[in-house]
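*Asks:* Could you work out the structure for the sequence below:
(one chain, ligands or ions: 2)
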Amino acid sequence: MEVATDSTGVAPSTYNRNQELKDFDETKSGVKGLSDSGLPKIPRIFVRPAEEIACDHSKSGAARIQIPIIDLKNLATDRPGTVEQVLEAAREVGFFQVVNHGVPQSILEGAFDAARSFHELPKEVKAEYYGRDGKRRVNFSCNFDLYKTTYATWRDTLFCLMEPEPLDPEELHLVCRDAIMEYSKQVKAVGIALLELLSEALGLKPDYLVNMDCAKGHALLYHYYPACPEPDLTLGTASHSDPDFFTILLQDDIGGLQVYYQDQWVDVPTVAGALVVNIGDLLQLMSNDIFKSVEHRVLSKDVGPRLSIACFFTLYEDPKSKIYGPIKELLSEDRPALYREITLGEFMTHYYSKGLDGTSALAPFRLPS
Ligand SMILES: O=C(O)CCC(=O)C(=O)O
Ligand SMILES: [Fe+2]
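*Replies:* Ligands and ions are numbered 1, 2, ... in the order given. The predicted structure is shown next:
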């Protein structure tokens, strides 16, 4: 059979990706809309190469690691021991889980109910929140980087920018309003306690990172990962590191979160009632690489929905001109600055322009060695 060619002699693709992205975007109902329609196969815009999804556990020489679990109950009796555990985890893996963090179980359950209630609203209601222009403080979207990345991922997200300017609760839908406001307050308190431990882990005064405004702003991302008919062909969240100071994540019992450690994907096990903590790019930069902001991702599954709630401690661009760089107290002749100072504006612009492509957002700000 003869294949029609264009003027360059190249066979035109039968796959108009941009059109398919646009058609999907215009449904304003995300992947839940697709999964509700009962489709047996995932659309091509979600299909990525098998080698990007594979979990290669066969590499020899790479150490297997358990993501550390730190019991904050021990703070009262052994604060230095807890600080040591935080230092070890933040330096080695960049991820740890905390238990006995003080957030009541009822509030955690309320947070999951809020996620489920919003995402399971009728699609016309959710459509009113839909968009990715970054202008609204509460918005619902599927793939914030849909038109930038090569492959879409199987996840919907309700994004709520809570602080530094307090969010007007009226902006949240009634089904999730109270629970989101309450979880925000509780998770911020845990965030401040963790920043004190992280400051001490760096040998700084306990209030150092709070005074650097690392807990002044936060956003809550209510993720919803519907069951996927072809989970081996796509991801729930593509590999990325977080563009914030640090993140506190609440995940349900389905699993799928993985961390890239020594050339292997390591599962972050689900632990009932625990909060997962990970270092973000800005704390890696401020700590001059003592803390690690590591790549992580979420597998898609044939069961679901999986619910998770990420709290990003970040100022985004508020204000754009605010400067962050390696903390002076951590530098010496033997430990020179590894990064130049950056403004939040240039960092966020770079992060959003590259999308979740598996490369470090810090690379352009690294000084030549
Ligand atoms: O859903 C998860 O477990 C992780 C989500 C995540 O990595 C993020 O929101 O940055
Ligand atoms: Fe993340």
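*Asks:* Mind checking which residue lies nearest the centre of this protein?
*Replies:* residue 242 (5.4 Å; C-alpha atoms, centre = their mean).
*Asks:* check contacts around that one.
*Replies:* Contact partners of residue 242, counting by C-beta atoms under 8 Å, 6 or more residues apart in numbering, are 278, 280, 281, 293, 310, 312. In short, each C-beta sits where N, CA and C put it, glycine included.
*Asks:* do residue 24 as well
*Replies:* By C-beta under 8 Å, 6+ apart, residue 24 lies in contact with 34, 43, 45, 142, 146, 152.
*Asks:* at 7 Å instead, please
*Replies:* Residue 24 makes contact with 43, 45 under the criterion C-beta atoms under 7 Å, 6 or more residues apart in numbering.
*Asks:* buried stuff in the helix or strand in which it is found?
*Replies:* Here residue 24, judged by DSSP states H and E, is contained in helix 17-27. Across helix 17-27, burial judged by 16 or more other C-beta atoms under 10 Å covers 21, 24, 25.
*Asks:* So what's the predicted local confidence for the second one?
*Replies:* Same thing as residue 24. Looking at residue 24, its pLDDT reads 96.
*Asks:* gap between it and residue 141?
*Replies:* 12 Å (C-beta to C-beta, to the nearest Å).
*Asks:* which one of the buried residues of helix 17-27 is nearest residue 232?
*Replies:* In terms of C-beta to C-beta, no member of the buried residues of helix 17-27 lies closer to residue 232 than residue 24, at 20.6 Å.
*Asks:* mind checking the longest helix of the chain?
*Replies:* helix 177-201 (DSSP state H).
*Asks:* And the contacts of that helix?
*Replies:* Here helix 177-201 has contacts from 82-83, 86-87, 90, 101-103, 107, 110-111, 113-114, 160, 162, 169, 172, 205-210, 214-215, 218, 220, 248, 275, 277, 311, 313, using C-beta under 7 Å, 6+ apart.
*Asks:* Now with 6 Å, please.
*Replies:* The contact list for helix 177-201 (C-beta atoms under 6 Å, 6 or more residues apart in numbering) reads 83, 86-87, 101, 103, 107, 110-111, 114, 162, 169, 172, 206, 208-210, 214-215, 248, 311, 313.
*Asks:* How about the residues of the stretch 101-250 of the chain by ligand 1?
*Replies:* Counting by C-beta under 6 Å from any ligand atom, the stretch 101-250 of the chain comes close to ligand 1 at 221, 223, 237, 242, 249.
*Asks:* can I get those in JSON lines with distance to residue 343, secondary structure and pLDDT?
*Replies:* Below are these laid out as JSON lines (distance: C-beta to C-beta, whole Å; DSSP: H, G, I helix; E, B strand; the rest coil; pLDDT from 0 to 100):
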{"residue": "221", "distance to residue 343": "24", "secondary structure": "strand", "pLDDT": "98"}
{"residue": "223", "distance to residue 343": "29", "secondary structure": "strand", "pLDDT": "98"}
{"residue": "237", "distance to residue 343": "27", "secondary structure": "strand", "pLDDT": "97"}
{"residue": "242", "distance to residue 343": "19", "secondary structure": "coil", "pLDDT": "96"}
{"residue": "249", "distance to residue 343": "27", "secondary structure": "strand", "pLDDT": "98"}
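*Asks:* could you point out which element follows the longest helix of the chain?
*Replies:* Sequence order places helix 208-211 as the next helix or strand after helix 177-201, per DSSP H and E.
*Asks:* so who does residue 224 touch?
*Replies:* 119, 156, 305.
*Asks:* Just the C-alpha atoms of stretch 337-346, please, in CSV.
*Replies:* This file holds the C-alpha atoms of stretch 337-346, laid out as CSV (Å, rounded to 0.1, in the frame of the first residue of the first chain):
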residue,chain,number,x,y,z
ALA,A,337,28.4,27.3,47.7
LEU,A,338,27.2,24.8,45.1
TYR,A,339,24.4,27.0,43.9
ARG,A,340,24.0,30.7,43.1
GLU,A,341,21.3,32.7,44.7
ILE,A,342,18.0,32.6,42.9
THR,A,343,14.7,34.4,43.0
LEU,A,344,11.5,32.5,43.5
GLY,A,345,10.3,34.0,40.3
GLU,A,346,13.1,32.5,38.2
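*Asks:* For that stretch, list every residue counted as buried.
*Replies:* 338, 339, 342, 344.
*Asks:* do stretch 124-143 as well
*Replies:* Residues of stretch 124-143 classed as buried: 126, 127, 129, 130, 132, 138, 139, 140, 141, 142, 143 (neighbour count, 16+ other C-beta under 10 Å).
*Asks:* Test of understanding: give the bridge partners of the closest residue in space to the third one that isn't next to it in sequence.
*Replies:* Same thing as residue 129. Among residues not flanking residue 129 along the chain, residue 140 sits closest, at 4.0 Å (C-beta to C-beta, 6 or more residues apart in numbering). In this structure, residue 140 bridges to residue 130, residue 158 when assessed by DSSP bridges.
*Asks:* Just to check, residue 140 is in contact with residue 159?
*Replies:* No. Contact criterion C-beta atoms under 6 Å: residue 140 and residue 159 do not qualify, at 7.5 Å.
*Asks:* Correct me if wrong, but residue 96 is in a helix.
*Replies:* No. Residue 96: not assigned to a helix; according to DSSP: H, G, I helix; E, B strand; the rest coil it is strand.
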